[in-house]
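K.L.:
okay, predicted coordinates and the sequence, questions at the end:
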Amino acid sequence: MIEQILTASVFASMIRLATPYIFAGIGETFGQRSGVLNLGVDGIMLMGAFFSFYTVYATGSLVLGLLAALLIGLLLGLTTAFISVTLKAEQGISGIGMYLFGLGMSELLFQKLIGTPKSVSGFPRLYIPVLSDIQFLGIGEIFFNHNLLVYLAFFLVPVSAFVLNRTTFGLMIRAVGQNPEAADAMGINVARVRYMTVTLGGLFSGLAGASLSIALLNVFQQNLTSGLGFIAVALVYFGRWKPFGVLAGALLFSFVNALQLQVSAIGLDIPSEFAVMAPYVITIIALVFASKQTEKPTALTKPFERGE
Amino acid sequence: MIEQILTASVFASMIRLATPYIFAGIGETFGQRSGVLNLGVDGIMLMGAFFSFYTVYATGSLVLGLLAALLIGLLLGLTTAFISVTLKAEQGISGIGMYLFGLGMSELLFQKLIGTPKSVSGFPRLYIPVLSDIQFLGIGEIFFNHNLLVYLAFFLVPVSAFVLNRTTFGLMIRAVGQNPEAADAMGINVARVRYMTVTLGGLFSGLAGASLSIALLNVFQQNLTSGLGFIAVALVYFGRWKPFGVLAGALLFSFVNALQLQVSAIGLDIPSEFAVMAPYVITIIALVFASKQTEKPTALTKPFERGE
Amino acid sequence: AQDGPFRVAAVAPSATNDLAFSQSMYDALLAIQEEMGADNFEFVFQEGTFVVDDAAVAIGEWAASGEYDLIIAHGSQYGSVVEEIAPRFPEISFAWGTDVNTFGLDNVYAYTPAADEGGFINGVMAGLMTESGVIGVIGPIEVGDAKLYVDGFKEGVAASNPDAQVLVTYIQSFSDVPLATEAANAHIANGADILTGTAQMVVGPIAVAKENGARWFGTQSSQAELAGEAGVMFQVYHWEVVLRDIIANIKDGKMGGESYVLTLQNGGLVMESAK
Amino acid sequence: MNNRRIQHLQMQGIVKRFPGVLAVNHVDFDVRAGEIHALLGENGAGKSTLMKMLYGLYHPDEGRILIDGDEAKIRSPHDAIQQGIGMIHQHFMLVPSLTVAENIALGMKSSRGLVLDLDVVSKRVRRLSEQYNLKVNPDVPIWQLAVGEQQRVEILRALYKGAALLILDEPTAVLTPQEVDDLFRILRKMTEEGHALIFISHKLHEVLAISSRITVLRDGQRVDTIPTEQATKLKLAQMMVGRPVVLEYERHPCQPGDERLSLSGVSAISDRGDLGLKEVSLAVYGGEIVGVAGVSGNGQRELAQVIAGLRPVTGGTIHVGGLNVTGKPPAAMNVLGVSYIPEERMEDGVIKEFTVSENLVLQDHGRKPYTRGGIFLNFHVIAKTCKEAIRAYEIKTPGADTPVKSLSGGNIQKLVLARELSRRPKVLIAAQPTRGVDIGATEYIHRRLLEERSKGTAILLISEDLDEIMALSDRILVMYEGRIVGEVPGGKVDVRRLGAMMAGATLDSVEEKA
Ligand SMILES: Nc1ncnc2c1ncn2[C@@H]1O[C@H](COP(=O)(O)OP(=O)(O)OP(=O)(O)O)[C@@H](O)[C@H]1O
Ligand SMILES: Nc1ncnc2c1ncn2[C@@H]1O[C@H](COP(=O)(O)OP(=O)(O)OP(=O)(O)O)[C@@H](O)[C@H]1O
Ligand SMILES: [Mg+2]
Ligand SMILES: [Mg+2]
């Protein structure tokens, strides 16, 4: 029974499901560590998903599709930075604004330019000679049977952790997120650091969108993400502002989802109460066990102004 | 042309649309003013909507339906308070947990107990002798042709403003939200005040749900609110933590929606770009004009612990 | 797989209780099972599979197991997967929708509803019934079968009553009941005495029609019970028709190559009137 | 309001442990109606912790509290207030967005039941403030008040609530000499009326002036309790630190070098939106310490921030080493060799959550040798440099990787000093460098500043502590309402004269009177 449920394909599915959460969550982590909450992730994801999809649909080029997602992510990230850093708008509500914008605009463009749901052929699964064939514990299927963007997402986790903890840029990000006044007094350009992290976050959100529309789902439709970006924001809290924490949250969350799929695919009748309660129970458990020693950026959502 | 668009029925529609936002937004205002962010509003609304609907469906009694909504709102409000005040969980993520719970549980119960969408006869429109007949400027139709819960929502706005600004309870709420350490040192029980506001918020969210399912729509269906509770949370920021600010935001938001419906209902062809951009543009404008002199509770989302 | 019961595996993007797209297929499979008997017909149904790669894995595993006679990919986003996997398993039959493209493969069926047909009929009736000459339509987003239905409805009204006004509001959401309700209210306020609409948020407009003495035309499934005396006519999808044909074909050895359209003619679309 | 009087309060055998710290170790303490009992001790000696237990904020692990012989259970501030105990905290416990009257009404019963009676509260506050000569407008929000006024609100609140016993935790740390005099007048009046007072301060002369008994704590233990008549500065300092302390510094005569820093006609807007700095001109030369004296809120903070590049200038020019740096950001000031020890060290000087070593390299992390290629941090070098600094500056910390927030105030100040001085500054701005710092650390910081002076650094010392200004400065500038109203040479200065100038009298008028 257990072997029937916990098959290699469940774990492979978990890894695929986790991919967009990782992209978006890591991007959001950079922003939040520097003190900027971006609630508009989902909107940027939708725009990234649409632009990459449309580019692939129109040109057939996956590379151009990826570039389109990066470009729109960059632009909307810059806009978010402008609104929250330069205009110093309330981050809670301006993020909702960006979400509504991305949601509406991607839908509008979709209707004008495409019309009905179409599919494209997105990033193919990569066959990695020896690795993909490992039968032992299903390792080949679980880890080495995915498309490029899946690998990229997982690769970005250690890279981001390294950047945050071991580089001068990371030190500046953390300083700005914890105490912008002190960072400013130490000669760090608070606004510039925040512009960089928020724009980076936009870029990652764009990638997250592309990972859906041209790598995992290969379709576009209105509200393709259906709130996935908000869950990614929640995962940043869940992961205590650490890239590996975000990864763990994304995997846990995706595992529960994959498990539910598998349970219904093999025709098991598990009471649906279980399915309903699972995310809630997991959330609460995670909260209780979450270390209180967090890296929480104390200046999160606080705009910075000299002489205040 | 303008008279064709800005009819009395558009304003009446605005007032109806605003009702659930007002209930939920005012409830959230109490919680936030005391320093607790409750992101689970939408989940509590769904549960309130379901329980009141089911009670009316089963018993035919509107009074019992209202009580059911209040009861479940109270219970879930207490749960939220327990998680955020006693367990000191991260408010961002625990709210999402409550949302998922309410969403899943209301859907499950709906399927088990009712099955397919049904309708009930909810609160009827009240005819108020002289007032409802005022023809001048359509005042009778706009203001005095609604059901009891609509009046209740609007009545709660000045009451809440009074409670917050002019009562000892309101003073405690504001102190706890701004500086819990100082409030504690003055002998105020910070936890108790927060329990009360968050539970009150739950109660109001339950009412918001009931206003949909047994007063305005008189139907229930899975995810009946479709994220309305999240917008209510955003309206609290928009309204700068003041009941009248929340009211203004709810009316503005609902007015834009009602206007768009009217425009297409009279067969006008307005480019959909307008519809898409409107909420975003309004958000930004509101942010730019929003007074920076806010009542923002500085301890928002911060759990309180003595000796830290 | 010729001996024993006929076995079907199906994958769909949303939940089997969505009261819409996925549920319509799930209900159809249940109906077939009822007809043929649980001994002769078995099926598994993987719901909530919005990640195409996951669907690909499931479809691949089902195909490779050789245990299934028919694999249904219920969602237009699964087209590329079917196109890729089906050629490798010529002895297994695949069906996907909603679309008409079988990729020129002999073991692939495609299916789609002609929602404009029932829309047209509803429209003709609405045109004849309206007294005010104003008819309100509440749609979600201008795509797919919602668009087909609304366009068919407009043509129907134009055919029976060229003077009647059909006013369409797309509320840009499949689920926002409060907004759909006020859209219906706006139509009523502007003189509409007949309403119609599509997608799951129409429960709100139906209640509005009832409350204001207006009449309601529906689509996708029967809303007769909910609409009560307001209800007039409903276009109901019956995927069983397609499934029945496909199963008979497979038993005869014809594995695919055909595309089905649910129509009034073939009984895939049924007009049900309110009592 | 509570009219009960406490005749004798005793704390017996009190113990309080925090994870890894024995903060209070079997301490006996008592206070009687009509007396002021002073509590002395270095940073971290346990003074605040002991008092927070009396006020119900912490709970003792052992020991008991007796009020007039009966054991009292004080589980929360609410209980303490009920017993007639009031406390004025080291960090004020006021809600900034609320008005004075609202802050006082907070947690009190209203005469109108659930509805607030702010007008009644205001009236009573006015009456009380006349009675005690404590000028406060009850209807303004707290954030508009200067620190001294905020303290008056705290005292009024305690009086309003009828506190029979009042704890004052470092009430004078942020006050000017005049304000201290006013405070002492009020405290004496309160003792005459039968209040019992507990007074905490690091300033020995204040303790000698106001108290009737003195208890000294060291490392959580009570060293001794003595009547004030038997105490001297030197004796108290020795009891606190556990070794002899130098209270006078040797100083070489000043040998001014080149002009390092000059301001001409500099103006700036304060946080309150008015002109906080009005056409200030001054110059500081290498090898001298220029002291800036003044009452809190007279533009000293703005002056320091303007020079550090942290506050925009609305008029005038600033030169460093002959270069015009007006309007340059903090980064440029760093490069030019301007070091800044900010007044609010916890807010502006360090990042509390960062480790000691991260804080030490915060400014220069992007420069060699702390980085490789400007991108990667060189942890090896950072660790080594940090260890040296900890040793050289005697920073008491468990290690280089300890978060700064778990260090004591004095040690955090040493850390800031270490960072700023290790950069070999040409100009050093030191704002309130020893505020809230104990005698031992103060002595250390003063010696370091004098060392820096003999190395030829130009030092601008901004302080509200007149003793400090007089002990260290070669020249003293006095600020009043954003202007420099006078300059006197350092050394032997008439405190009364200086005080009068700080209160707004001009140099001429002061000289006339003298
Ligand atoms: N909440 C706490 N948790 C852990 N340790 C604490 C806490 N509060 C105080 N301490 C520790 O207890 C000891 C005594 O601290 P306390 O604040 O009483 O000193 P103090 O005498 O008031 O010093 P200062 O003159 O700096 O105000 C210190 O070592 C301090 O670090
Ligand atoms: N943004 C602000 N706008 C107006 N007033 C403020 C603002 N922020 C703080 N204040 C209050 O104004 C008061 C006076 O501030 P100011 O900086 O002039 O006094 P100060 O000398 O420098 O006080 P301190 O002794 O703490 O340094 C302070 O007590 C502060 O609480
Ligand atoms: Mg202390
Ligand atoms: Mg000052």
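P.N.:
Nice, I can see it. Ligands and ions are numbered 1, 2, ... in the order given.

K.L.:
looking at the chain, which helix or strand does the model trust least?
P.N.:
No chain in the question, so chain A it is. In chain A, no helix or strand scores lower on mean pLDDT, DSSP states H and E than helix A:272-289, which sits at a mean of 61.

K.L.:
that's the wrong chain, I meant chain C
P.N.:
Quick look at chain C via mean pLDDT, DSSP H and E: least confident is helix C:52-65, a mean of 83.

K.L.:
right, is the next helix or strand after that one up against chain A?
P.N.:
Downstream of helix C:52-65, the next assigned helix or strand under DSSP states H and E is strand C:70-74. No: for strand C:70-74, no contact with chain A is found by Cβ under 8 Å from any Cβ of the partner chain; the gap never falls below 11.3 Å. For glycine as for every other residue, the C-beta is placed from the backbone atoms N, C-alpha and C.

K.L.:
mean confidence for strand C:70-74?
P.N.:
Averaged over strand C:70-74, pLDDT sits at 94.

K.L.:
then that strand to PDB, C-alphas only?
P.N.:
Taking C-alpha atoms only, strand C:70-74 is exported to PDB below (Å, rounded to 0.1, in the frame of the first residue of the first chain):
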ATOM      1  CA  LEU C  70      -9.100   4.000 -23.100                       C
ATOM      2  CA  ILE C  71      -7.100   7.000 -21.700                       C
ATOM      3  CA  ILE C  72      -8.900  10.300 -21.500                       C
ATOM      4  CA  ALA C  73      -7.000  13.500 -21.300                       C
ATOM      5  CA  HIS C  74      -9.800  16.000 -20.300                       C
END
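
K.L.:
contacts for the following helix or strand past it, please.
P.N.:
Using DSSP H and E, the next helix or strand after strand C:70-74 towards the C-terminus is helix C:79-85. Helix C:79-85 is touched from outside by A:119-121, A:218, C:52, C:55-56, C:59-60, C:63, C:73, C:94, C:96, C:99, C:101, C:103, C:105, C:108, with contacts defined as Cβ atoms under 8 Å, 6 or more residues apart in numbering or on different chains.

K.L.:
residues of the stretch 151-275 of chain C that sit close to chain A?
P.N.:
Neighbours of chain A within the stretch 151-275 of chain C, by Cβ under 8 Å from any Cβ: C:Gln172.

K.L.:
find the helix or strand that D:Glu388 is a member of.
P.N.:
Using DSSP H and E, D:Glu388 maps to helix D:379-392.

K.L.:
so which elements touch that helix?
P.N.:
Packing partners of helix D:379-392 (3 or more Cβ pairs under 8 Å, 6 or more residues apart in numbering or on different chains; DSSP states H and E): helix D:356-360, helix D:409-421.

K.L.:
okay if I get those helices as a markdown table plus mean pLDDT, mean neighbour count and distance to chain B?
P.N.:
Listed next are those as a markdown table, based on pLDDT from 0 to 100; neighbours: other Cβ atoms under 10 Å in any protein chain shown; distance: least, Cβ to the nearest Cβ, whole Å:
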| stretch | mean pLDDT | mean neighbour count | distance to chain B |
| --- | --- | --- | --- |
| helix D:356-360 | 91 | 25 | 20 |
| helix D:409-421 | 88 | 23 | 16 |
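
K.L.:
put together TSV for those, with distance to ligand 3 on each row.
P.N.:
Formatted as TSV, those follow (distance: least, Cβ to the ion, whole Å):
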stretch	distance to ligand 3
helix D:356-360	21
helix D:409-421	8
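
K.L.:
do you know which of those lies nearest ligand 4?
P.N.:
helix D:409-421 (16.4 Å; Cβ to the ion).

K.L.:
pull that closest one out as CSV, backbone CA atoms only.
P.N.:
C-alpha atoms of helix D:409-421 as CSV (Å, rounded to 0.1, in the frame of the first residue of the first chain):
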residue,chain,number,x,y,z
GLY,D,409,25.1,49.2,26.3
GLY,D,410,28.7,50.1,27.3
ASN,D,411,30.1,47.3,25.2
ILE,D,412,28.1,48.3,22.2
GLN,D,413,29.5,51.8,22.5
LYS,D,414,33.0,50.4,22.7
LEU,D,415,32.3,48.4,19.5
VAL,D,416,31.2,51.5,17.7
LEU,D,417,34.3,53.3,19.0
ALA,D,418,36.5,50.5,17.8
ARG,D,419,35.0,50.6,14.3
GLU,D,420,35.2,54.3,14.0
LEU,D,421,38.7,54.7,15.4
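
K.L.:
after it, which helix or strand is next? Please name it.
P.N.:
Downstream of helix D:409-421, the next assigned helix or strand under DSSP H and E is strand D:427-431.

K.L.:
any idea how far the next helix or strand after that next one is from the chain center?
P.N.:
Sequence-wise, the next helix or strand downstream of strand D:427-431 (DSSP H and E) is helix D:439-454. Helix D:439-454 has its C-alpha centroid displaced from the chain centroid by 17 Å (Cα atoms, centre = their mean, to the nearest Å).

K.L.:
one more: stretch A:47-62?
P.N.:
Centre-to-centre, stretch A:47-62 and its host chain are 19 Å apart (Cα atoms, centre = their mean).

K.L.:
just the buried residues of it, please?
P.N.:
The neighbour-count check on stretch A:47-62 (16 or more other Cβ atoms under 10 Å in any protein chain shown) flags A:Met47, A:Gly48, A:Ala49, A:Phe50, A:Phe51, A:Ser52, A:Phe53, A:Tyr54, A:Thr55, A:Val56, A:Tyr57, A:Leu62 as buried.

K.L.:
not counting residues beside it along the chain, what's closest to the third one?
P.N.:
So that's A:Ala49. Residue nearest to A:Ala49 in three dimensions, not counting chain neighbours: A:Gly209, with 3.4 Å by Cβ to Cβ, 6 or more residues apart in numbering or on different chains.

K.L.:
ok, now the fourth one?
P.N.:
If you skip the residues right next to it in sequence, A:Phe50 has A:Ser106 as its closest partner in space, 4.1 Å away by Cβ to Cβ, 6+ apart.

K.L.:
the one you found reaches A:Met45, doesn't it?
P.N.:
No: in this structure A:Ser106 lies outside contact range of A:Met45 using Cβ atoms under 8 Å: 9.2 Å.

K.L.:
between these two, which is the more surrounded one?
P.N.:
A:Met45 (36 against 31; other Cβ atoms under 10 Å in any protein chain shown).

K.L.:
ok, now which ones touch that one?
P.N.:
Residues in contact with A:Met45 (Cβ under 8 Å, 6+ apart) are A:Pro20, A:Ala24, A:Gly102, A:Ser205, A:Gly206, A:Ala208, A:Gly209, A:Leu212, A:Thr225, A:Leu228, A:Gly229.

K.L.:
just those residues: which are in helices?
P.N.:
Among the contacts of A:Met45, DSSP state H puts A:Pro20, A:Ala24, A:Gly102, A:Ser205, A:Gly206, A:Ala208, A:Gly209, A:Leu228, A:Gly229 in helices.

K.L.:
count of residues packed around the last one?
P.N.:
Applying other Cβ under 10 Å, we find 30 residues neighbouring A:Gly229.

K.L.:
hang on, it packs against A:Val41?
P.N.:
Yes: the criterion here is Cβ under 8 Å, and A:Gly229 meets it with A:Val41 at 3.7 Å.

K.L.:
which neighbours do those two share?
P.N.:
By Cβ under 8 Å, 6+ apart, A:Gly229 and A:Val41 have these common neighbours: A:Ala24, A:Tyr99, A:Ser205, A:Ala208.

K.L.:
and D:Gly162, how far from B:Ile15?
P.N.:
From D:Gly162 across to B:Ile15, the span is 51 Å (Cβ to Cβ, to the nearest Å).

K.L.:
more neighbours, those two?
P.N.:
When D:Gly162 and B:Ile15 are compared on other Cβ under 10 Å, the one with more neighbours turns out to be B:Ile15, at 22 against 14.

K.L.:
how near is the residue lying farthest from the centre of chain D to A:Ile173?
P.N.:
Farthest-out residue of chain D from its mean C-alpha position, per Cα atoms, centre = their mean: D:Gly373, at 41.3 Å. Between D:Gly373 and A:Ile173 the distance is 18 Å, computed by Cβ to Cβ.

K.L.:
with D:Pro138 instead?
P.N.:
Applying Cβ to Cβ, the value for D:Pro138 to A:Ile173 is 45 Å.
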